[in-house]
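Got a predicted structure plus its sequence, pasted below:
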Amino acid sequence: MRKVYITILFLFFAKQFFAHTINCDSFCVVKIIYDTVPGYLNVTIANNDTNFINYPIIQLINTNNDTVANKQKTFNFYGQLEHSTQTYRIPTTLDSFPANWNGKVRIEDGLYHESCIIYPCTQLSVSINTLKHDFDFKVYPNPAISEVHILGNDNFEIGLFDLSGRQLMHGSSYQNNLTLILSAISPGMYYIHVSTGLYISMYPLVVVH
(Lines give C-alpha, C1' and ligand atoms only; values in the text may rest on other atoms or scores of the structure.)
Protein backbone atom coordinates (compact mmCIF):
# COMPACT_ATOMS: atom_id res chain seq x y z
CA MET A 1 0.00 0.00 0.00
CA ARG A 2 2.85 2.36 0.85
CA LYS A 3 4.48 1.70 -2.54
CA VAL A 4 1.23 2.52 -4.32
CA TYR A 5 0.91 5.77 -2.36
CA ILE A 6 4.48 6.79 -3.16
CA THR A 7 3.95 5.98 -6.84
CA ILE A 8 0.82 8.14 -6.97
CA LEU A 9 2.66 11.04 -5.33
CA PHE A 10 5.56 10.67 -7.76
CA LEU A 11 3.26 10.74 -10.78
CA PHE A 12 1.40 13.77 -9.42
CA PHE A 13 4.52 15.84 -8.76
CA ALA A 14 6.18 14.67 -11.98
CA LYS A 15 3.18 15.92 -13.92
CA GLN A 16 3.38 19.30 -12.16
CA PHE A 17 7.13 19.52 -12.77
CA PHE A 18 6.87 18.73 -16.46
CA ALA A 19 3.63 20.66 -16.99
CA HIS A 20 3.51 22.86 -20.06
CA THR A 21 1.14 25.39 -21.52
CA ILE A 22 -0.28 25.16 -25.03
CA ASN A 23 0.23 28.31 -27.08
CA CYS A 24 -3.12 28.42 -28.86
CA ASP A 25 -1.91 30.96 -31.44
CA SER A 26 0.62 28.39 -32.69
CA PHE A 27 -2.03 25.95 -33.98
CA CYS A 28 -4.22 26.10 -37.05
CA VAL A 29 -6.40 23.88 -39.19
CA VAL A 30 -4.84 23.03 -42.56
CA LYS A 31 -7.87 21.20 -43.96
CA ILE A 32 -10.90 19.08 -43.11
CA ILE A 33 -12.21 16.46 -45.52
CA TYR A 34 -14.82 13.73 -45.30
CA ASP A 35 -13.23 10.28 -45.14
CA THR A 36 -13.82 7.59 -47.76
CA VAL A 37 -15.38 5.58 -44.91
CA PRO A 38 -18.76 7.13 -43.99
CA GLY A 39 -18.97 8.58 -40.51
CA TYR A 40 -15.38 9.86 -40.29
CA LEU A 41 -13.57 13.13 -40.91
CA ASN A 42 -9.88 13.69 -41.60
CA VAL A 43 -8.70 16.83 -39.81
CA THR A 44 -5.18 18.10 -40.55
CA ILE A 45 -3.67 20.37 -37.90
CA ALA A 46 -0.43 22.36 -37.95
CA ASN A 47 1.55 22.71 -34.73
CA ASN A 48 4.12 25.51 -34.71
CA ASP A 49 4.43 25.35 -30.93
CA THR A 50 7.60 24.23 -29.14
CA ASN A 51 5.63 21.70 -27.10
CA PHE A 52 4.71 18.12 -27.90
CA ILE A 53 0.93 17.52 -27.68
CA ASN A 54 0.17 14.34 -25.73
CA TYR A 55 -2.66 12.03 -26.84
CA PRO A 56 -4.46 14.76 -28.83
CA ILE A 57 -8.26 14.94 -28.70
CA ILE A 58 -9.77 16.67 -31.74
CA GLN A 59 -13.41 17.79 -31.84
CA LEU A 60 -15.63 19.79 -34.19
CA ILE A 61 -18.30 22.08 -32.73
CA ASN A 62 -21.00 23.64 -34.90
CA THR A 63 -22.49 27.14 -34.63
CA ASN A 64 -25.11 25.83 -32.18
CA ASN A 65 -22.27 24.67 -29.88
CA ASP A 66 -23.14 21.03 -30.57
CA THR A 67 -20.20 18.63 -30.84
CA VAL A 68 -20.60 17.00 -34.26
CA ALA A 69 -17.29 15.12 -34.39
CA ASN A 70 -15.59 13.00 -31.72
CA LYS A 71 -18.22 13.65 -29.05
CA GLN A 72 -16.76 10.70 -27.10
CA LYS A 73 -13.41 12.56 -26.92
CA THR A 74 -11.42 9.65 -28.37
CA PHE A 75 -7.71 10.44 -28.12
CA ASN A 76 -4.97 9.66 -30.62
CA PHE A 77 -2.04 7.52 -29.53
CA TYR A 78 1.40 9.10 -29.06
CA GLY A 79 0.93 12.75 -29.88
CA GLN A 80 1.84 15.53 -32.27
CA LEU A 81 5.40 16.74 -32.60
CA GLU A 82 6.35 20.37 -32.39
CA HIS A 83 6.65 22.14 -35.76
CA SER A 84 4.69 19.48 -37.63
CA THR A 85 1.39 18.81 -39.34
CA GLN A 86 -0.70 15.75 -38.55
CA THR A 87 -3.94 14.28 -39.84
CA TYR A 88 -6.50 12.94 -37.37
CA ARG A 89 -9.31 10.57 -38.33
CA ILE A 90 -12.27 11.19 -36.02
CA PRO A 91 -15.87 9.89 -35.92
CA THR A 92 -18.65 12.29 -36.87
CA THR A 93 -22.43 12.51 -37.01
CA LEU A 94 -22.20 14.51 -40.25
CA ASP A 95 -23.18 12.85 -43.54
CA SER A 96 -20.74 15.11 -45.40
CA PHE A 97 -18.52 18.06 -44.62
CA PRO A 98 -20.13 21.37 -45.66
CA ALA A 99 -18.08 23.72 -47.82
CA ASN A 100 -19.39 26.69 -45.83
CA TRP A 101 -18.40 25.31 -42.42
CA ASN A 102 -18.40 28.09 -39.81
CA GLY A 103 -17.96 25.98 -36.70
CA LYS A 104 -14.97 25.53 -34.41
CA VAL A 105 -12.19 22.98 -34.08
CA ARG A 106 -11.05 22.12 -30.56
CA ILE A 107 -7.76 20.44 -29.68
CA GLU A 108 -6.96 19.11 -26.21
CA ASP A 109 -3.79 17.69 -24.71
CA GLY A 110 -4.99 14.34 -23.38
CA LEU A 111 -2.38 14.27 -20.61
CA TYR A 112 -2.51 17.82 -19.26
CA HIS A 113 -6.10 18.53 -20.39
CA GLU A 114 -5.23 21.93 -21.79
CA SER A 115 -7.36 22.87 -24.78
CA CYS A 116 -7.65 25.47 -27.54
CA ILE A 117 -10.14 26.57 -30.16
CA ILE A 118 -8.15 26.79 -33.38
CA TYR A 119 -8.84 28.38 -36.75
CA PRO A 120 -7.88 27.94 -40.43
CA CYS A 121 -4.22 28.53 -41.20
CA THR A 122 -4.98 31.40 -43.56
CA GLN A 123 -5.99 33.48 -40.54
CA LEU A 124 -2.69 32.99 -38.73
CA SER A 125 0.96 33.89 -39.19
CA VAL A 126 3.12 33.09 -42.20
CA SER A 127 5.29 30.84 -40.03
CA ILE A 128 2.28 28.57 -39.55
CA ASN A 129 1.42 28.56 -43.23
CA THR A 130 4.89 27.36 -44.17
CA LEU A 131 4.05 24.09 -42.44
CA LYS A 132 1.48 23.40 -45.13
CA HIS A 133 4.23 23.37 -47.75
CA ASP A 134 2.98 22.02 -51.08
CA PHE A 135 3.04 18.39 -50.01
CA ASP A 136 -0.06 16.26 -50.11
CA PHE A 137 -0.42 12.51 -49.86
CA LYS A 138 -3.03 9.79 -50.00
CA VAL A 139 -3.12 6.47 -48.15
CA TYR A 140 -5.34 3.81 -49.72
CA PRO A 141 -7.08 1.50 -49.30
CA ASN A 142 -7.89 2.03 -45.64
CA PRO A 143 -8.76 -0.42 -44.16
CA ALA A 144 -6.12 -2.41 -46.05
CA ILE A 145 -6.00 -6.18 -46.61
CA SER A 146 -2.80 -7.25 -48.36
CA GLU A 147 -1.13 -3.97 -49.31
CA VAL A 148 -1.41 -0.23 -48.87
CA HIS A 149 -0.40 2.51 -51.30
CA ILE A 150 1.02 5.89 -50.34
CA LEU A 151 0.90 8.48 -53.09
CA GLY A 152 2.39 11.96 -52.77
CA ASN A 153 3.41 14.90 -54.93
CA ASP A 154 7.01 14.82 -53.67
CA ASN A 155 9.54 12.20 -52.57
CA PHE A 156 9.03 10.96 -49.02
CA GLU A 157 9.98 8.36 -46.44
CA ILE A 158 7.52 6.40 -44.35
CA GLY A 159 7.51 4.24 -41.27
CA LEU A 160 4.79 1.86 -40.15
CA PHE A 161 4.34 1.80 -36.36
CA ASP A 162 2.17 -0.25 -34.03
CA LEU A 163 0.37 1.29 -31.06
CA SER A 164 3.30 0.60 -28.74
CA GLY A 165 5.55 2.82 -30.88
CA ARG A 166 7.51 -0.08 -32.43
CA GLN A 167 8.51 0.47 -36.06
CA LEU A 168 7.53 -2.51 -38.19
CA MET A 169 8.34 -1.30 -41.69
CA HIS A 170 10.26 1.49 -43.37
CA GLY A 171 10.44 2.61 -46.96
CA SER A 172 11.30 5.40 -49.39
CA SER A 173 9.14 6.51 -52.29
CA TYR A 174 9.98 5.97 -55.94
CA GLN A 175 8.52 8.57 -58.29
CA ASN A 176 6.43 9.91 -55.43
CA ASN A 177 4.67 6.67 -54.55
CA LEU A 178 5.23 3.62 -52.40
CA THR A 179 3.45 0.31 -51.81
CA LEU A 180 3.74 -1.63 -48.55
CA ILE A 181 3.07 -5.38 -48.58
CA LEU A 182 1.17 -6.23 -45.40
CA SER A 183 1.22 -10.04 -45.49
CA ALA A 184 3.46 -10.18 -42.39
CA ILE A 185 1.45 -7.55 -40.49
CA SER A 186 -1.21 -8.78 -38.06
CA PRO A 187 -4.73 -7.30 -38.24
CA GLY A 188 -5.10 -4.21 -36.09
CA MET A 189 -4.57 -0.48 -35.81
CA TYR A 190 -1.30 1.12 -36.94
CA TYR A 191 0.16 4.52 -37.80
CA ILE A 192 2.00 5.57 -40.94
CA HIS A 193 4.61 8.27 -40.34
CA VAL A 194 5.30 10.30 -43.49
CA SER A 195 8.27 12.66 -43.80
CA THR A 196 9.72 14.74 -46.63
CA GLY A 197 12.33 16.49 -44.52
CA LEU A 198 10.17 19.64 -44.40
CA TYR A 199 6.83 17.97 -43.72
CA ILE A 200 5.93 15.42 -41.06
CA SER A 201 2.56 13.77 -40.64
CA MET A 202 1.04 10.65 -39.12
CA TYR A 203 -1.95 8.82 -40.52
CA PRO A 204 -3.93 5.97 -38.91
CA LEU A 205 -4.13 2.69 -40.83
CA VAL A 206 -6.38 -0.28 -40.17
CA VAL A 207 -5.16 -3.70 -41.36
CA VAL A 208 -7.64 -6.55 -41.89
CA HIS A 209 -7.05 -10.01 -43.34
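Received it, and whenever you're ready, just let me know what you need.

hmm, who's touching stretch 71-82?
45, 47-59, 86, 88, 90-91, 93, 108, 110, 163, 165, 191, 200, 202, 204 (C-beta atoms under 8 Å, 6 or more residues apart in numbering). Glycine gets a C-beta too; all of them are placed from N, C-alpha and C.

buried subset of these?
Burial of the contacts of stretch 71-82 was assessed by neighbour count (16 or more other C-beta atoms under 10 Å); the buried members are 45, 47-49, 51, 53-59, 86, 88, 90, 108, 110, 191, 200, 202, 204.

In strands only, show me these.
45, 47, 53-54, 57-59, 86, 88, 90, 108, 191, 200, 202, 204 (DSSP state E).

Which pair of those spans the longest distance?
Every pair in those was compared (C-beta to C-beta); the two farthest apart turn out to be 59 and 200, at 22.9 Å.

do you know how far residue 64 is from residue 38?
With the distance defined as C-beta to C-beta, to the nearest Å, residue 64 ends up 23 Å from residue 38.

Name the nearest residue to residue 188, ignoring sequence neighbours.
Counting by C-beta to C-beta, 6 or more residues apart in numbering, residue 207 is the residue found nearest to residue 188 once chain neighbours are left out, at 6.0 Å.

tally of neighbours for the one you found?
19 (other C-beta atoms under 10 Å).

and if you look at residue 145?
Count around residue 145 with other C-beta under 10 Å applied: 12.

Need the pLDDT of the residue nearest to residue 41 when sequence neighbours are not counted.
In this structure, residue 41 finds its nearest non-sequential neighbour in residue 92, 4.8 Å apart by C-beta to C-beta, 6+ apart. The pLDDT attached to residue 92 in the predicted structure is 94.
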